[in-house]
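1. Quick one: sequence and predicted model below, then my questions.
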Amino acid sequence: MRDYRVWLAIGGLLLAGRLMYPVLAGDPSYKVREEDHQNFVFVCKDSGEAFIMRAKKEQETNPRTGQPTLMPGLYCPQCKKWKASPPLSILQQNPSASICPTHKLPMTTEGPLPTPSS
Ligand SMILES: [Zn+2]
């Protein structure tokens, strides 16, 4: 009986982990490292190119162009794409700013990490 409860607890933990970390569930080859926790997807609002960077400030410099065009990325599960989010001040005033313009669905900050196109 005791074993049964232990396995139930482990099963619950695994299920919670899958719900909380869709990135992990979606890509079994992705391993969490300590430094990954601060990494964030940024999207260039000009080219739409996605970058994985350490989040230091709201707007980051595109390493390819040197222009400060990288905005925090929002992921649309329907588009399967990362999109540049509007500035935080606009998001706070207008929550619908984080809705996918194509699908009218809320986008999230979690999704499969973009593969660097270098
Ligand atoms: Zn969409």
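-> Arrived safely. Remember, it's a predicted structure, so these values are computed and weren't measured experimentally. Numbers count the residues shown, from 1 in each chain.
2. Every contact and neighbour count from this point should use C-alpha atoms.
-> Will do.
3. Just name the shakiest helix or strand of this structure by mean pLDDT.
-> Within the chain, confidence by mean pLDDT, DSSP states H and E is lowest for helix 22-26 among all helices and strands, at a mean of 51.
4. where does the protein have low pLDDT?
-> Scanning the chain for pLDDT under 70 picks out 1-2, 15-38, 116-118.
5. Domains in it, by residue range?
-> By the assignment in automatic domain parsing, the chain contains the domains 1-30, 33-118.
6. wait, does the longest one contact the ion?
-> Right, the one you point to is domain 33-118. Yes. Shown here: domain 33-118 in contact with the ion (Cα under 5 Å from the ion) through 76, 78, 79, 100, 102, 103.
7. Which single residue in the chain comes nearest to the ion?
-> residue 79 (4.0 Å; Cα to the ion).
8. so which strand or helix has that residue?
-> Under DSSP states H and E, no helix or strand contains residue 79.
9. dump the residue contacts of it.
-> Applying Cα atoms under 8 Å, 6 or more residues apart in numbering, one finds that residue 79 lies in contact with residue 103.
10. Repeat the analysis, applying 10 Å as the threshold.
-> Residues near residue 79 by Cα atoms under 10 Å, 6 or more residues apart in numbering: 100, 102, 103, 107.
11. Then residue 114?
-> 41, 42, 49, 50, 51, 52, 81, 82.
12. now do 7 Å
-> Neighbouring residues of residue 114 by Cα atoms under 7 Å, 6 or more residues apart in numbering: residue 50.
13. you'd agree it is in a helix?
-> No. According to DSSP: H, G, I helix; E, B strand; the rest coil, the state of residue 114 is coil, so it is not within a helix.
14. That one and residue 14: what is the separation?
-> Taking Cα to Cα, to the nearest Å as the measure, residue 114 falls 25 Å from residue 14.
15. Over to residue 80?
-> 25 Å.
16. Flag every buried residue along stretch 97-114.
-> When burial is assessed from 16 or more other Cα atoms under 10 Å, stretch 97-114 yields the following buried residues: 97, 98, 99, 100, 106, 107, 110, 111, 112, 113.
17. Ends of that stretch, what's the gap?
-> End-to-end distance for stretch 97-114: 22 Å, by Cα to Cα.
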